[in-house]
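In: Sequence and predicted model, in that order:
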Amino acid sequence: MDLKSNHASPILTDPAPAPIPMNNTRLGIHSGLLPYSPNGSAFSSTLFLTIPRRKPGILDDVRSSLLDAMILSSPTHNKLAKDSSTELIASDSDFTYRNWMLKYPSALASFEKIANDAKGKRIALFLDYDGTLSPIVDNPDHAFMSNAMRATVRNVAKYFPTAIISGRSRDKVYEFVGLTELYYAGSHGMDIVGPARPISNNYVNCIRSTDVQGKEVNLFQPASEFLPMIDEVFRSLVAVTEDIVGAKVENNRFCISVHYRNVDEKSWTTIGQYVHEILKQYPRLRLTHGRKVLEVRPVLDWDKGKAVEFLLESLGLVNCEDVLPIYVGDDRTDEDAFKVLREGNQGYGILVSSVPKESNAFYSLRDPSEVMEFLKALVIWKKTSALYS
């Protein structure tokens, strides 16, 4: 593989679903919101989604566990008060972070070691988007990457095969990034476009297609059968959360994100309970937690770690001792990719975090600005290595 060549765009656009007429139900939701039948059989008209009501006992336990999970996955960091204790608080925080970095050293400070390990190997680069290439913002629709970051990612893709693996829909993350040199995997890797190479029989849903530039690519969507179900649940969640100030439901095509970053914490339990009640009607969907977001995903043995493995095979880099995959991400869903690299002893996970937390990653970076510096360092190293090779 010529690592100095650009990689052509693998972007496909899916047609928008046809509108469904509205009918009256107990929630004022049209019939398309009724639970999805896996075998295609019709449901009784008496089966409706209902707003959850408070019940004693078990329901209280559910509410409590939901809130605990939401708080644990979404830690709030109070701004330091401007008083005499500020310096002490900051000092304690810095000490805790420095101590944490003994286990997860800075990828910048450790760059020489990473570069030594990469000698004679082909680096494959995998990047999350939100919190990694762009800052976390209150409005997920405004999570724009800077022009400087875009230029850096474009430059690094000239030297290393590079892919974005995001929880966003593939079309949405491409809209944010806008670079044709990359490969894109949306919906936590359930919607992947990769180079058109022969793929093993492990990926039975992989088909040949063409991108917007007419280039032949591999399209892999292991959760395609869940699309009708995802669409139904999305519309249900929009309906039941529309009166909760700050709540936002995002359709990421093969998964759904329910954002509560801008919701008063007193309403977090209500959101969690609504999602929980709706999903009781859909046993083939599951609930996972991210940073101030609830994510509805298919019950499927597929995640960002599996997406990394698929892309490595698509790139012709699987089962090769001279390959060094590097995955940079900040969220819980990125842990699946970190785990694959750690257990396979074949590459490095780099966690982007300004606060200590347990991870399967080997290294850390504090924020997107440090991610950009790390990517720049990779390019400089590659250029320098080429001069002496």
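Out: Sure, I can see it.
In: Residue 356 and residue 342, how far apart?
Out: In this view, residue 356 and residue 342 are 18 Å apart by C-beta to C-beta, to the nearest Å. C-betas here are computed from N, CA, C, even on glycine.
In: Residue 359 now?
Out: 10 Å.
In: same check, this time on residue 264
Out: For residue 264, the distance to residue 342 - C-beta to C-beta - is 38 Å.
In: what's the average pLDDT for stretch 345-363?
Out: Taken as a whole, stretch 345-363 has a mean pLDDT of 95.
In: now what about that stretch, what contacts it?
Out: 75, 77, 96-97, 99-100, 104-107, 110, 114, 117, 124, 128, 131-132, 323-330, 334-335, 337-339, 341-342, 364-368, 370-371, 374 (C-beta atoms under 8 Å, 6 or more residues apart in numbering).
In: Comparing residue 359 and residue 342, which residue is more hemmed in?
Out: residue 359 (23 against 17; other C-beta atoms under 10 Å).
In: Would it be right to say that that one lies in a helix?
Out: No. Using DSSP: H, G, I helix; E, B strand; the rest coil, the assignment for residue 359 is coil, not a helix.
In: In this structure, what helix or strand scores lowest on average pLDDT?
Out: Across the helices and strands of the chain, mean pLDDT, DSSP states H and E gives its lowest value to helix 58-73, namely a mean of 64.
In: What confidence value was assigned to the residue sitting nearest the centre point of the chain?
Out: Nearest residue to the geometric centre of the chain (C-alpha atoms, centre = their mean): residue 167, 3.0 Å. At residue 167, the predicted lDDT confidence score is 94.
In: what sits against it?
Out: Per C-beta under 8 Å, 6+ apart, neighbours of residue 167: 130, 186-188, 252, 255, 257, 290, 295, 331, 333.
In: sorry, back to before: show me the contacts of stretch 345-363 that map onto helices.
Out: Within the contacts of stretch 345-363, residues falling in helices by DSSP state H are 96-97, 99-100, 114, 117, 335, 337-339, 341-342, 368, 370-371, 374.
In: Which member of those residues is positioned nearest residue 211?
Out: Distance to residue 211 across those (C-beta to C-beta) is lowest for residue 337, with 23.7 Å.
In: distance of the closest one from residue 312?
Out: In terms of C-beta to C-beta, residue 337 sits 11 Å off from residue 312.
In: Have a look at the two and say which one is more surrounded.
Out: It is residue 337, of residue 337 and residue 312, that has more neighbours when counted by other C-beta under 10 Å, with 29 against 24.
In: residues touching that one, list them.
Out: Residue 337 neighbours (C-beta under 8 Å, 6+ apart): 126, 165, 303-305, 307-308, 327, 329, 349.
In: Closest one of these to residue 138?
Out: Nearest to residue 138 among the contacts of residue 337, with distances taken as C-beta to C-beta, is residue 329, at 20.8 Å.
In: show me the contacts for that closest one.
Out: With C-beta under 8 Å, 6+ apart, residue 329 has these contacts: 127-128, 131-132, 165, 304, 337-338, 349-352.
In: Show the buried residues in the residues you listed.
Out: Buried members of these, scored by 16 or more other C-beta atoms under 10 Å, are 127-128, 131-132, 165, 304, 337-338, 349-352.
In: hey, where'd the strands end up in the stretch 151-300 of the chain?
Out: For the stretch 151-300 of the chain, the strands defined by DSSP state E, counting those that start in this stretch cover 162-165, 183-186, 191-195, 206-210, 216-220, 248-251, 256-259, 285-290, 293-298.
In: want to try CSV for those strands, with distance to residue 68 as columns?
Out: Below are the strands of the stretch 151-300 of the chain laid out as CSV (distance: least, C-beta to C-beta, whole Å):
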stretch, distance to residue 68
strand 162-165, 29
strand 183-186, 30
strand 191-195, 31
strand 206-210, 39
strand 216-220, 36
strand 248-251, 22
strand 256-259, 17
strand 285-290, 10
strand 293-298, 13
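In: quick one, which of those is nearest to residue 69?
Out: strand 285-290 (5.4 Å).
In: Buried residues, that closest one. List them.
Out: 285, 287-290.
In: Contacts for that strand, please.
Out: Strand 285-290 has contacts (C-beta under 8 Å, 6+ apart) with 69-70, 72-74, 167, 226, 229-230, 233, 257, 275-276, 279, 294-299, 331-333.
In: So among those residues, which ones count as buried?
Out: 70, 73-74, 167, 226, 229-230, 233, 257, 275-276, 279, 294-298, 331, 333.
In: what are the phi and psi angles of residue 199?
Out: phi -120, psi 150 (degrees, to the nearest 10).
In: contacting residues around it?
Out: Taking C-beta under 8 Å, 6+ apart, we find residue 199 in contact with 206, 218, 220, 310, 313-314.
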